[in-house]
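Chemist: Provide a 3D model corresponding to the input given below.
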Amino acid sequence: MNGMISWMARNGVAANLLMVFMLVAGITSFFQITVMLFPEQDENVITISVMYPGASPAEVEESIIRRIEENVESVEEILDITSVAAENMGTVTVELVQGADTMRRLDEITSEVDQITTFPVDAEEPQINLRSNSQRALQLVVGGNTTE
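Modeler: Next up is the predicted model:
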C-alpha cells in the first residue's frame, strides 16, 4: 500500500488522471441510477377468500379450503399454496414462481375457482385478488378550532 502511495506522489500526472477518471465515472453513473421512494415490486401472490357465516374452522376447511386447493393445484407455475381456516372465513394464498405471467395465472385461478359448484349454500362468493404492495405516500391531517 505504501508503495502505491509513494508512486502516486512521484507521478502527479497519473494521480490527476486517476482522479479525473473517477470523477467522470461518478458523474455518468449518477445520471443513470434510477431512484424511487417506494420501488414497485412484483407481488406474485394471489389470495382467495371465502366468507362462510356461522361455520367453524373445521367446516371451513372441509367444505371450502380443500375444494379450492384441489382445483387450484392444476395451475402451472405455482410455488406454494398456503391455507388458513378461521371461524366464518377461509383464505387460500397461492404464491407463484418468480417471473410467472401473473395476470394469466390470476385468470386461470379465477376460472378454476369459478368451476367449483359444491360450495355450501350459506357461503359467499369467493374474492380473488392479486396482492399488491401499494402504499400511501402522503397523509395530511388538518385540524383547528375554526369553522369550515
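Chemist: helices of this structure, start to end?
Modeler: For the chain, applying DSSP state H gives helices covering 2-10, 12-32, 57-60, 66-72, 102-114.
Chemist: tell me which other helices or strands the longest one touches.
Modeler: Counting by 3 or more CB pairs under 8 Å, 6 or more residues apart in numbering; DSSP states H and E, the packing neighbours recorded for helix 12-32 are helix 2-10. Where you see a C-beta, it was placed from the backbone N, CA and C, and this is true even at glycine.
Chemist: can you list contacts of the helix it packs on?
Modeler: A14, A15, L18 (CB atoms under 8 Å, 6 or more residues apart in numbering).
Chemist: and the gap between the closest residue in space to the last one that isn't next to it in sequence and L140?
Modeler: This means L18. Nearest in space to L18, with sequence neighbours left out and distances taken as CB to CB, 6 or more residues apart in numbering, is M8 at 7.7 Å. Separation of M8 from L140 (CB to CB, to the nearest Å) stands at 54 Å.
Chemist: with Y52 instead?
Modeler: To L140, Y52 is 40 Å away according to CB to CB.
Chemist: centre-most residue in this structure?
Modeler: Geometric centre of the chain, nearest residue: E43, 2.4 Å, by CA atoms, centre = their mean.
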